[in-house]
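In: predicted coordinates and the sequence they were generated for:
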Amino acid sequence: MAEVRPFRGLRYAARAGASLTDLICPPYDVIAPAQQQALESLHPHNAVHIELPRGEGDAQYQNAASLFSRWQEEGILVRDNIPSYYFMRHTFVHNSKTLARWGLMAAVRLEDYDRRVVLPHEETRPQAKEDRYRLMTACRANFSPIMCLYRDPKHRIRQAVESTGWKTPMARASYNDEELSLWAVPSSVLDEAVQATMKDAPLFIADGHHRYETALRYRNEAGAKAGYVPQNAAFNYVMMTLIDFQDPGLVVMPYHRAIGGVNAQGVTALRNKLMEVFQLEAIPSHPRTPQALEEAVRQRPGVCLGLLGPDGEGPYLCTLRLEAREGLRTLPGGMALRDSEGWVLHQAVFAPVLGTGDSPLITYFHDPQEGWDKVLEGELQMAFFLKPFPLDLFQGVVSAGQKLPPKSTYFHPKLPTGLVFNLLEGEM
């Protein structure tokens, strides 16, 4: 079972003299350069200054550590006196509907993947992990929570939180046209519900694989340096936001794919392979927009994706041929993943032509307009528009120990950085 426990969060103090709206930021891996500059200008204590610090080499991470230490010394950041769970409500608009997603922020004991307590769904890349490790080592803290999913069929945790009467939240913020509310819930209120829920429920990493694996490395190296390590050493844990699979505000958006830099022969081979695997159907999109194509794909049953060809050819709906589906079971992971558009595209189309299903010639994007425009402008050659990855398939595949194709899921919205920080020194 996952060991989930309250912790003494480090938070922006009310007396810091700024609205929390001006202090939080997105996680590091989705901050574009222009947004980074805007956030830095928003407030000198905005979390972007430590989440994505400026500088070269070691100086970059030491700059973050110096700022983080100074903010604590000056009372900008203050640690709570008693361990608490932190409950967050994230309100946002999706497809013209207002949704609310609820998350439980807690400290979770780090477990190696082979123990099957915390389950990953994607591969990671060394460069991103090295960056996060150097930041974690310099600052000795978790800045961004890892998003994990769990099953709570009896809604024990939500009911326990609701039993508190939902007093006024201790913090509120606006973020990318979204609204955030945060409550500190005493461990006495939630412990029984949390432990009963987590007793037989693995945790599924939704977002934050690089940070989780970085935390594992930090734990291992900190433990080796310390020799004897108490079980409740803070570096044995990592900050997570836990979200119920059944939360009505849990939204998974698709990651689309595009191809660029392929020679003419390769483009022809891709088209031929695509027509071998899929039945192509030209659709008269009115209006002719990527959003209309994305919606047409979503409405078509079965394995279906959208295609915008070179020079804006199409768009097409591509529906998996029945005879091709039967042949997919012989490919690695085919029995579980042959109903996933992304897996079919990578294994049955990209890999035979490009030599691998994860070629550097493949670009990923979640904004449909981005890929559409780049094909029309000639920057990319072909764009493929996918459906969102189904959560039931996600749980089944990951539970079986398999990984998903690269960029299979985009959980929306992203969790912000700066609501709560978690220190990794001393004991819990």
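Out: Noted; the coordinates are in hand.

In: check which element follows the top strand by length along the chain along the chain.
Out: Ranked by number of residues, the top strand in the chain under DSSP state E is strand 97-109. As assigned by DSSP states H and E, the chain's next helix or strand after strand 97-109 is strand 118-119.

In: that older thread, quick one: strands adjacent to the longest strand of the chain?
Out: Using DSSP bridges, the strands paired with strand 97-109 are strand 4-5 (antiparallel), strand 84-94 (antiparallel), strand 237-244 (antiparallel).

In: T21: which of those strands is closest?
Out: strand 84-94 (13.8 Å; C-beta to C-beta). Quick note: C-beta positions are derived from backbone N, CA and C, even for glycine.

In: L119 is nearest to which of the strands paired with strand 97-109?
Out: For L119, the closest of the strands paired with strand 97-109 is strand 237-244, at 13.0 Å, according to C-beta to C-beta.

In: off-centre distance for that closest one?
Out: 12 Å (C-alpha atoms, centre = their mean, to the nearest Å).

In: cool, stretch 414-428 as well?
Out: Distance of stretch 414-428 from the chain centroid (C-alpha atoms, centre = their mean) equals 17 Å.

In: tell me which stretches of the stretch 201-350 of the chain form helices.
Out: Here the stretch 201-350 of the chain has its helices, by DSSP state H, counting those that start in this stretch, at 209-226, 264-277, 290-299, 322-328, 334-337, 341-344.

In: mind listing what's buried along the fourth one?
Out: Within helix 322-328, the residues that count as buried by 16 or more other C-beta atoms under 10 Å are 324-325, 328.

In: one more: the first one?
Out: Under the neighbour-count criterion of 16+ other C-beta under 10 Å, helix 209-226 has 209-216, 218-219, 222 buried.

In: as JSON lines, these with pLDDT and distance to F385 would be great.
Out: As requested, the buried residues of helix 209-226 are arranged in JSON lines below (pLDDT from 0 to 100; distance: C-beta to C-beta, whole Å):
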{"residue": "H209", "pLDDT": "96", "distance to F385": "25"}
{"residue": "H210", "pLDDT": "96", "distance to F385": "26"}
{"residue": "R211", "pLDDT": "97", "distance to F385": "29"}
{"residue": "Y212", "pLDDT": "98", "distance to F385": "30"}
{"residue": "E213", "pLDDT": "97", "distance to F385": "31"}
{"residue": "T214", "pLDDT": "98", "distance to F385": "33"}
{"residue": "A215", "pLDDT": "98", "distance to F385": "35"}
{"residue": "L216", "pLDDT": "97", "distance to F385": "35"}
{"residue": "Y218", "pLDDT": "97", "distance to F385": "39"}
{"residue": "R219", "pLDDT": "95", "distance to F385": "40"}
{"residue": "A222", "pLDDT": "92", "distance to F385": "44"}
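
In: what about the helices of the stretch 201-350 of the chain, which gets the closest to D311?
Out: Closest among the helices of the stretch 201-350 of the chain, using C-beta to C-beta: helix 264-277, at 11.1 Å.

In: shouldn't S144 be within a helix?
Out: No. Using DSSP: H, G, I helix; E, B strand; the rest coil, the assignment for S144 is coil, not a helix.

In: quick check: the gap between it and L20.
Out: Distance from S144 to L20, counting by C-beta to C-beta, to the nearest Å: 16 Å.

In: the two: who's more crowded?
Out: Shown here are S144 and L20; by other C-beta atoms under 10 Å, S144 has more neighbours (26 against 20).

In: quick check: the gap between the more buried one and S187.
Out: S144 is 23 Å from S187, where distance means C-beta to C-beta.

In: Y28 too?
Out: From Y28 to S187 the distance is 30 Å (C-beta to C-beta).

In: where in the stretch 51-200 of the chain is pLDDT low?
Out: 165-166 (pLDDT under 70).

In: contact partners for the residue nearest the centre of the chain?
Out: The centroid of the chain falls nearest to D207 when counting by C-alpha atoms, centre = their mean (2.5 Å). Applying C-beta atoms under 8 Å, 6 or more residues apart in numbering to D207 gives the contacts 27, 146-147, 411, 414-415.

In: for it, give the beta-bridge partners.
Out: For D207, the beta-bridge partners are M147 (DSSP bridges).

In: quick one: pLDDT of it?
Out: Looking at D207, its pLDDT reads 96.

In: measure it to V344 for me?
Out: Counting by C-beta to C-beta, the separation of D207 from V344 is 24 Å.

In: same question for L182.
Out: Relative to V344, L182 is positioned 41 Å away (C-beta to C-beta).

In: okay, these two: which has more neighbours?
Out: Neighbour count, other C-beta under 10 Å: between L182 and V344, V344 has more, with 26 against 21.

In: who's in contact with the more buried one?
Out: The contact partners of V344, by C-beta under 8 Å, 6+ apart, come to 277, 303, 320, 328, 337-338.

In: what distance do you get for the closest residue to Q279 other than its chain neighbours to L274?
Out: Closest residue in space to Q279, ignoring its immediate chain neighbours: T319 at 4.9 Å, by C-beta to C-beta, 6 or more residues apart in numbering. The gap separating T319 from L274 is 12 Å, by C-beta to C-beta.

In: compare those two (neighbour count), which wins?
Out: Set T319 next to L274 and count neighbours by other C-beta under 10 Å: L274 wins out with 22 against 17.

In: on that earlier part again, and the longest strand of the chain, what's buried?
Out: Neighbour counts over strand 97-109 (16+ other C-beta under 10 Å) mark 99, 101-109 as buried.

In: quick one: that strand to helix 209-226, angle?
Out: Going by axes from the mean of the first three to the mean of the last three C-alpha atoms, to 10 degrees, strand 97-109 is angled at 20 degrees with respect to helix 209-226.

In: okay, the contacts of D207 in JSON lines with neighbour count next?
Out: Listed next are the contacts of D207 as JSON lines, based on neighbours: other C-beta atoms under 10 Å:
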{"residue": "P27", "neighbour count": "21"}
{"residue": "I146", "neighbour count": "24"}
{"residue": "M147", "neighbour count": "21"}
{"residue": "F411", "neighbour count": "16"}
{"residue": "K414", "neighbour count": "18"}
{"residue": "L415", "neighbour count": "25"}
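
In: could you chop this protein up by domain?
Out: Using automatic domain parsing, the domain parsing of the chain gives 4-251+412-423, 255-387.
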